[in-house]
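Asker: Make a model of this:
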Amino acid sequence: MSSRAGLLGDTPERDYSRKLQLFNAFAAPELKRALLDLELRDGMRILDAGCGTGEMLQWLRDASGPHARLVGIDLSAAHVRVARAAVPDTIDVRQGDLLTISLPRAGFDLVWSVNTLNHLRDPVAGIRRLSGLLAPGGRMVVGQSALVPELYFAWDARLERLVMQAVRRYYEDRYGLRERDLRGVRNLLGWMQCGALRDITVRTLVLERIAPLAPADHAFILEGLFRGTWGERLRPYLSPVDYEELRRLCDPADSEFALHRPDFHFIQTFTLVIGTPGRRP
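Answerer: Numbering: from 1, shown residues only. As a prediction, the model looks like this:
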C-alpha cells in the first residue's frame, strides 16, 4: 500500500462514488433538516472538507442561499469528477488532501466535514487544520456515522454480533488495523477538544427505517451494505452455517431476504459535533 494512503486505504485513485451516492440519498431527509437547524445565511463562505460526490454541497447551497460561496475538497479524483458534474459551476470543487491543500486561513464562516476524519491517521491534526480555516465567529461541524452500533437484524442479535465481528476482522486483515483504530472515532468529542475547539455541542440523529422501505433506503441497504460492505468477503470470517444464513438474508431472490420481512427494522445513527475555534496565538 502506498505511503500516501489514509488509515482506511484512501488515495487519490480510490473510487467509492456509488457508496457515497447511496448513503447520501438514504440519509438526505435527516441531513437536510440538520442543515436547516444550523440557520445558515446567504453570503456565507462555506467549506465542505471531504465533499465526496457533491450532494452535500448542493444542500449547503440550498440551506444558505444563492450568494453563499462554497468550496468542496476531496482526496479522490474520481469523487471530484462526480461532484463537479453534480453541482453548479459557481461551486468550487477541488481535488487534494485536506491537510495540505492551499486554502485561505480564516477564510470560511463554516467548515463542514462528514465521515472524513476517521480516514485520517491523525484526526486531531485534521481538526486543527480545519479550525485554522475559520474566520472569527465561524463554526466547524463534524459529522460521523454509526458512533452507536447499528440495528440490522432485530430478530437475531447473535448473527448481527457475529457479522459485526467479521467486518472488524476483515478491516484488520486488509488494513492492519486493530479494533481501537477502527473505533477510535467514537471519541469524536475528545478529538474536537484536543483540537482546541470550544463551545462544543453534540447532537445524534437516528436514521430509522422500517418495512416497507422507500427506494433510496432499499438501495442503500442492499447495495451499499449487504453487497458492498458484507458479501463474499465475509465468508472467511464466519462459520459455513452462519455465512449461509447471512447470504440468504442478503439475497433478494431468496425467500428469507431481510428487506422483504414485515418486521425489518433498521437503525443507524449520525452524530454532529459543532464547535468554534479557541483563541489563536
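
Asker: helices or strands next to the helix or strand containing residue 85 in the packing?
Answerer: In the assignment (DSSP states H and E), residue 85 maps to helix 77-86. Packed against helix 77-86, as judged by 3 or more C-beta pairs under 8 Å, 6 or more residues apart in numbering; DSSP states H and E, are the following elements: helix 17-37, helix 55-64, strand 69-74, strand 92-95. Quick note: C-beta positions are derived from backbone N, CA and C, even for glycine.

Asker: Which residues outside that helix are in contact with it?
Answerer: Outside helix 77-86, the residues that touch it by C-beta atoms under 8 Å, 6 or more residues apart in numbering are 12-15, 17, 20-21, 51-55, 57-58, 72, 74, 93-95.

Asker: Same check on stretch 247-264?
Answerer: With C-beta under 8 Å, 6+ apart as the criterion, stretch 247-264 contacts 152-155, 159, 210-211, 213, 218, 221-222, 226-227, 230-231.

Asker: Mind listing what's buried along stretch 52-66?
Answerer: Neighbour-count burial for stretch 52-66, counted by 16 or more other C-beta atoms under 10 Å, picks out 52, 53, 54, 55, 56, 57, 58, 59, 60, 61, 63, 64.

Asker: Just list the residues touching the last one, thanks.
Answerer: For residue 64, the contact set (C-beta under 8 Å, 6+ apart) comprises 40, 41, 42, 44, 46, 70.

Asker: try the fifth one
Answerer: Taking C-beta under 8 Å, 6+ apart as the definition of contact, the neighbours of residue 56 are 24, 31, 48, 112, 114.

Asker: Same check on the fourth one?
Answerer: Residues near residue 55 by C-beta under 8 Å, 6+ apart: 21, 24, 25, 28, 86.

Asker: where does the closest residue to the first one other than its chain neighbours fall, helix, sheet strand or coil?
Answerer: With C-beta to C-beta, 6 or more residues apart in numbering as the measure, residue 53 is the residue that lies nearest to residue 21, at 5.2 Å, once sequence neighbours are left out. Secondary structure state of residue 53, per DSSP: H, G, I helix; E, B strand; the rest coil, is coil.

Asker: so what's residue 53 scoring on pLDDT?
Answerer: You'll see residue 53 listed with a pLDDT of 98.

Asker: same thing with residue 2?
Answerer: Residue 2 carries a pLDDT value of 38.

Asker: residues of stretch 72-88 that come out buried?
Answerer: The neighbour-count check on stretch 72-88 (16+ other C-beta under 10 Å) flags 72-76, 78-84, 87 as buried.

Asker: quick one: the residue most central in space within the chain from residue 27, how far?
Answerer: Nearest to the mean C-alpha position of the chain, counting by C-alpha atoms, centre = their mean, stands residue 115 at 2.9 Å. Using C-beta to C-beta, to the nearest Å, we find residue 115 at a distance of 10 Å from residue 27.

Asker: Show me which residues of whatever helix or strand residue 273 lives in are buried.
Answerer: For residue 273, the host element (DSSP H and E) is strand 265-277. Neighbour-count burial for strand 265-277 flags 266, 267, 268, 269, 270, 271, 272, 273, 274, 275, 277 (criterion: 16+ other C-beta under 10 Å).

Asker: Check the offset of stretch 189-209 from the chain's centre.
Answerer: 14 Å (C-alpha atoms, centre = their mean, to the nearest Å).

Asker: same question, stretch 5-23
Answerer: Remark: stretch 5-23 is offset 11 Å from the chain centroid, using C-alpha atoms, centre = their mean.

Asker: With stretch 248-257 instead?
Answerer: 27 Å.

Asker: same thing with stretch 222-229?
Answerer: 15 Å.

Asker: Give me the residues contacting it.
Answerer: For stretch 222-229, the surrounding residues in contact (C-beta under 8 Å, 6+ apart) are 18, 19, 22, 23, 26, 152, 167, 249, 250, 252, 258, 259.

Asker: Pull up the distance across that stretch, start to finish.
Answerer: Stretch 222-229 has an end-to-end distance of 10 Å (C-alpha to C-alpha, to the nearest Å).

Asker: By mean pLDDT, point me to the weakest helix or strand of the chain.
Answerer: helix 179-182 (a mean of 86; mean pLDDT, DSSP states H and E).

Asker: as a whole number, average confidence for the following helix or strand past that helix?
Answerer: Per DSSP H and E, the first helix or strand lying C-terminal to helix 179-182 is helix 188-194. The pLDDT scores in helix 188-194 average 97.
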